[in-house]
Each structure stands twice: as C-alpha cells, then as structure tokens.
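Q: Everything below, folded, please.
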Amino acid sequence: MTYRKTKKSKVNSVNFSGNKEFSSRELKRYLKGIRPRKWTRIFGPGKFKDEKYKEAKEKLIAKLQDKGYRDAQIIRDSVYRYDNNEVAIDIEIYEGPRYYVGNIEWTGNTKFTDSVLNIILGIEKGSVYSEEKIHTKLMGPTRNGDDISAIYQNDGYLTFSINPVIKRIYNDTIDLEIQVSEGKQYTINNVIVKGNDVTNDRVVLRSIYIKPGQKYSRELIMRSIREISQLGMFDEQKITPDIPTSTMNHDEGTTDIVFNVVEKPSDQVELSGGYGAGQIIGTLGLTFNNFSTSNFFKKEAWKPLPRGDGQKLSIRGQTSGKRYQSYSFSFSEPWLGGKKPIYFGLSAYTSSSSYGGFDYYTGRQIISDSQLQRIWMSGVTASLGKRLQWPDNYFQISSALSFQRYKLQNLRRLLLIL
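A: Just a heads-up that it's a prediction; the model follows:
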C-alpha cells in the first residue's frame, strides 16, 4: 500500500472484489469512517487518515463475522492516488461459508440447569453463529443486564467465570462447549470510600446501594456508581469500584469493596452586567453545591465556607437601581436528619419594580416617588420529598407549600400601564 498522501487527501471511491454474498453497497456501509465521494452527499467525503482506515477495515470484518461469516478476511487492499487531492481504495475480501450454531453443551454448572442457562442465553440451535453475540450474552454487558455473568454475579458469585469453546466444526455447523466456573458466593464485609477529601463519608455511603452483610452484586455496584455521579461533586469518569484481594476471605466468602472517587469543583459564581434603555443591570449569583450546616459554627471549617454535607445553598441578586431589584435565596438538604432519603427544600425571594416616571433615553426620574407605579413581590416555599419503595426505589413523591405576597402602589395607574 504505497502512495504520497497530502493533508487534504479525500476518498474518491472504494472498490470491492471477491464479494459474493454482500453487495459493494453493503460493504461500503460496513466500512465505518471511510466516506467515498457521492453526488448526494452534501458535505462530501471526509479526510483520509491511516488510523481511521485501519479501524474501518477491522469494523468491516467484525460486521461480516457477526453475520455468520467466521472466516471472513481481507486478502489484500491498496490505496492509490486518484488525482492531486483524492485517493481511491481497492479491497479484495474472502467471505467464506456462513456458519450456524449446532449443539450447546454446558459444563461446571450446579446452580442452574442446562435448560435454564439455554433460556437465558437465548441462542437456539440453527441460528447464525456470531461470536460477538455469544460473548455478549455470556459476559455482557447487555442492555437489560440479563447476561449469564450478571445472573451469577448479582447473586454473590464474585469469582464467577465463563468460557465458550468450539468443540467441533462440521460442514457449516459449530458445536459449542460452554465451561462454567461458579466459585462461591461472597458477602460484603465493609464498604469503604477513598478520595473524598472534602465530602463527608456518610454523603457518599448513603448513595451506595450495596451494603455490608449483603451478597456481592454487580448490578448494585453499577447503580451506586450512577448515584455517586449524580451528586455532582465527583469526576464521573474516575469513580471506580475495587475489590482488594487482600480483603477476600475465601474460606468464609467475605470481602471488602472500595469506591475510589476524585472530587471536582462544584460551586458556581454568576457575575454579569448589561446596559439598555438608559440603565445598567447587574447580576451576582453564588451557588454552593456541597454546603454543610453541621459545620456552620466550626471556625476551622470555613475554607471559605463550611463544606462536605452535600447540601445546596444558592444566593442571587439582580438590580438596576431604584427601577428594579430582585433577590433570591434557596437551600436544600437531600437527606433530612442524615438518616433517611427525605428531601427538604426552602426558598425565598423578594423583588420590586417601578413603572412610569422615567425618561428611557436619559434614565432620569421625571415625577416624584409618590407618583410612581410600583409593585413589590415576595414569597417563601417549603418542600418535602421522599424516596418510595414501591413500585421500586426509583420512584419519589414530593409536596410543597408556598406563600406569596404582592404590594402595589398607584394601582389604577399601574393597571393602565400593564
């Protein structure tokens, strides 16, 4: 494969040979990342890159194998100069025969019978042989978490392993032997959190669904990772569960589990200003997403504010002088009392607006304060929410109580203006 490539080289055409079962149009679609020129393509072909081309060939063969052509391979390919800015690609492929699943034999399984495992596997004799599908149904991850490994690992079988072996190939049929090593059921001894330098342990632990004394469960670990991510105080990509081998007691079937986290800045500052209609409007807002009321009276905790309890405190103000002012405050505690998932929220606001009596070009007041049309608004809202256990613990119920107060000056004139 030799050619002199420029930085702006694009793909003019892709030509296939040796294909019998698949049309060239299908193969071009499977060659992900390589877009040959086409008059219907608005933006034209993308730039040709060696690494993308290599990945595209791997995806092409993987797609053919997924459709049962286990022996599919690229015999030869070449990339050559088409003109000054474009290249052409020739690919010769070998499809081979299409294979089908024959007999499936299970070994090493004691918890589930062969018939039960065949139902979970969902691959019947005579179906198209796909190594990718077999691997996914055995080891996951599947969308519904119903792969064989998940069924075992959600029931405590931490050291469970499974290995499909081709037992025999005859004509177009492949017999499989699926070797199962169940191991023993493990119970969680301790749940440990590491890396939370600011956030209190209890804030993270209450978001972890796998508890000491429970069986090991892959499903609960994955949900715990999602719940920790939703706290907004940790780097989602760096939340990693770990089973230290030093804590595994093989005789008693117990182990510790460690959740490693990395904290990230979560506080927000809003500062903005604008000018229009002869006035300047300024806004200042502060949001603290990991506030701590329990450390409020501890001097050493003010760095610069007490943090670590997962509470949210927000203060915001906006003003343009006498014409308009607005101030708001909100506070929320996701675990009221710290023991149960009862959400508590409290918010308050006040604002005042003046209408009429201003020259919009100069911004000057042209009538007295007593003649201005004004409206004052203020309100307080308290809310409570609770996580339910039925139909499952994804459901929540919440209620709120609000009080609002309005005060008007020069009501008749104000209604005429509005």
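
Q: hang on, S149 packs against N163?
A: No - applying C-beta atoms under 8 Å, one finds S149 not in contact with N163, separated by 11.2 Å. Every C-beta, even on glycine, is put in place using the N, C-alpha and C of the backbone.

Q: Just want to know which of the two has more residues nearby.
A: For the pair S149 and N163, the greater number of neighbours falls to S149 (19 against 13), based on other C-beta atoms under 10 Å.

Q: name the element that one belongs to?
A: helix 148-153 (DSSP states H and E).

Q: by contact count, what packs against the helix or strand following that helix?
A: Counting by DSSP H and E, the element after helix 148-153 in chain order, helix or strand, is strand 161-170. Applying 3 or more C-beta pairs under 8 Å, 6 or more residues apart in numbering; DSSP states H and E, one finds that strand 161-170 makes contact with strand 100-107, helix 131-139, strand 173-181.

Q: could those be laid out in a markdown table, adding mean neighbour count and mean pLDDT?
A: Shown next, in a markdown table, are these (neighbours: other C-beta atoms under 10 Å; pLDDT from 0 to 100):
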| stretch | mean neighbour count | mean pLDDT |
| --- | --- | --- |
| strand 100-107 | 16 | 97 |
| helix 131-139 | 16 | 94 |
| strand 173-181 | 17 | 97 |
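
Q: which stretch among those comes nearest E227?
A: Of all those, it is helix 131-139 that lies closest to E227, at 24.6 Å by C-beta to C-beta.

Q: what helices or strands is that closest one leaning on?
A: helix 50-66, helix 114-121, helix 148-153, strand 161-170.

Q: G96 - nearest residue in space that isn't next to it in sequence?
A: D71 (3.2 Å; C-beta to C-beta, 6 or more residues apart in numbering).

Q: Let me see the ranges of the helices in the stretch 301-418 of the chain.
A: Secondary structure of the stretch 301-418 of the chain (DSSP state H, counting those that start in this stretch): helices located at 411-417.

Q: that older thread, go through the helices and strands packed on helix 131-139 and pick out the most buried.
A: helix 148-153 (a mean of 21; mean count of other C-beta atoms under 10 Å).

Q: returning to what we had before: the residue nearest to G96: which element?
A: Here D71 is assigned to no helix or strand, by DSSP H and E.

Q: Check what pLDDT it gets.
A: We have a pLDDT of 95 for D71.

Q: May I have the residues that are in contact with it?
A: 94-97 (C-beta atoms under 8 Å, 6 or more residues apart in numbering).

Q: which other helices and strands contact the helix holding S149?
A: Using 3+ C-beta pairs under 8 Å, 6+ apart: helix 148-153 touches helix 114-121, helix 131-139, helix 218-230.

Q: To Y157, which of those helices lies closest?
A: Of all the helices and strands packed on helix 148-153, helix 218-230 comes closest under C-beta to C-beta, at 9.6 Å.

Q: show me what contacts W390?
A: Counting by C-beta under 8 Å, 6+ apart, there are no residues that W390 touches.

Q: Start at 12, not 1
A: That works, and once the first residue is 12, the last one we named lands at W401.

Q: Quick check: Q290 vs K275, distance?
A: Counting by C-beta to C-beta, to the nearest Å, the gap from Q290 to K275 is 38 Å.
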